[in-house]
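Chemist: generate a structure from the sequence data that follows.
(chains A and B)
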Amino acid sequence: KAGVTQTPRYLIKTRGQQVTLSCSPISGHRSVSWYQQTPGQGLQFLFEYFSETQRNKGNFPGRFSGRQFSNSRSEMNVSTLELGDSALYLCASSLSDRAGAQETQYFGPGTRLLVL
Amino acid sequence: DQQVKQNSPSLSVQEGRISILNCDYTNSMFDYFLWYKKYPAEGPTFLISISSIKDKNEDGRFTVFLNKSAKHLSLHIVPSQPGDSAVYFCAGGTSYGKLTFGQGTILTVHP
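Modeler: Numbering: from 1, shown residues only, chains lettered A, B, ... in the order given. The predicted model follows:
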């Protein structure tokens, strides 16, 4: 099975611009989660999508948004970019085939975003 | 509010010896815990998990111990190999799919 893929792998933007990142989950996985990794902060949870609906949300401002398509692919959008948004953005997928399951999330390689 | 903490930013061990990575948590609602390994420029790779109803889980060279009363878990790697050098993250999970990660510990295994 192919793993989680993310595009693009690297991105450079300037302050005020907006950006869209894409994530294709492992085939058959229905849940996609997004995380931001910055030095010293570990991985911070952004949001999780399941069946095209946002099921969980972290403590990020409304400039961060996402969506999921019927094929479980997901996109994450950041509007009005700030310097502090420079980070590695990771997406992870999980099967989520039954409620209450203890899910292992499998990560993609990430998109490295640099905001100048 | 740091619900999962890895208090040691780094750990250095000799090849063949035991590596012990520690993690503390404050959220009693976690149903399970996971350990991930991360190399530079790659996404985290799942290593091992443990349910909150167990106190030990073993997979090859990797063993995770959970002490619920102390809200503490640890990952033991025996024997350590140079290829184990990476950043290790512990995470707590709830049944509704959100993982909360620690800040990570950089493990260096010297030949």
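Chemist: low-confidence stretches in chain B?
Modeler: Chain B contains residues with pLDDT under 70 at B:1, B:95-97.
Chemist: does chain A sit close to the helix or strand where B:G92 lies?
Modeler: In this assignment (DSSP states H and E), B:G92 forms part of strand B:86-93. Yes. Judged by CB under 8 Å from any CB of the partner chain, strand B:86-93 comes into contact with chain A at B:F89, B:A91, B:G93. Every residue, glycine included, has its C-beta placed from N, CA and C.
Chemist: likewise stretch B:98-108?
Modeler: Yes. Under the criterion of CB under 8 Å from any CB, chain A is reached by stretch B:98-108 at B:K98, B:L99, B:T100, B:F101, B:G102, B:Q103, B:G104.
Chemist: and the strand holding B:G92, how far out from the chain's middle?
Modeler: The chain centroid and the centroid of strand B:86-93 are separated by 5 Å under CA atoms, centre = their mean, to the nearest Å.
Chemist: for it, buried residues please.
Modeler: B:A86, B:V87, B:Y88, B:F89, B:C90, B:A91, B:G92, B:G93 (16 or more other CB atoms under 10 Å in any protein chain shown).
Chemist: contact partners for A:C23?
Modeler: A:C23 makes contact with A:V4, A:T5, A:Q6, A:V32, A:W34, A:R73, A:S74, A:E75, A:M76, A:C91, A:S93, A:G108, according to CB atoms under 8 Å, 6 or more residues apart in numbering or on different chains.
Chemist: so among the residues you listed, which ones count as buried?
Modeler: A:V4, A:Q6, A:V32, A:W34, A:R73, A:S74, A:E75, A:M76, A:C91, A:S93, A:G108.
Chemist: the third one: which element?
Modeler: Right, the one you point to is A:V32. Using DSSP H and E, A:V32 falls in strand A:31-38.
Chemist: partners of that strand, with directions?
Modeler: Next to strand A:31-38 in the sheet, as set by DSSP bridges, lie strand A:42-50 (antiparallel), strand A:87-94 (antiparallel).
Chemist: the strand holding B:G92 versus strand A:42-50: what angle between them?
Modeler: 50 degrees (axes from the mean of the first three to the mean of the last three CA atoms, to 10 degrees).
Chemist: so what touches strand B:86-93?
Modeler: Under CB under 8 Å, 6+ apart, the answer for strand B:86-93 is A:42-43, A:102-103, B:3-4, B:6, B:21, B:23, B:25, B:27, B:30-39, B:44, B:47, B:73, B:75, B:99-102, B:104-107.
Chemist: how about the residues of chain A by chain B?
Modeler: A:4, A:6, A:31, A:33, A:35, A:40-45, A:48, A:50, A:55-56, A:58, A:90, A:92, A:94, A:96, A:99-110.
Chemist: partners of the helix or strand hosting B:F65, with directions?
Modeler: For B:F65, the host element (DSSP H and E) is strand B:62-67. Its sheet considered, strand B:62-67 pairs with strand B:56-59 (antiparallel), strand B:72-77 (antiparallel) by DSSP bridges.
Chemist: buried residues, stretch B:33-47. List them.
Modeler: Buried-residue list, stretch B:33-47, by 16+ other CB under 10 Å: B:F33, B:L34, B:W35, B:Y36, B:K37, B:K38, B:G43, B:P44, B:L47.
Chemist: bridged to the residue in chain A positioned nearest to chain B, which residues?
Modeler: Closest approach between chain A and chain B, counting by CB to the nearest CB: A:F107, at 3.5 Å. Counting by DSSP bridges, A:F107 is bridged to A:A92.
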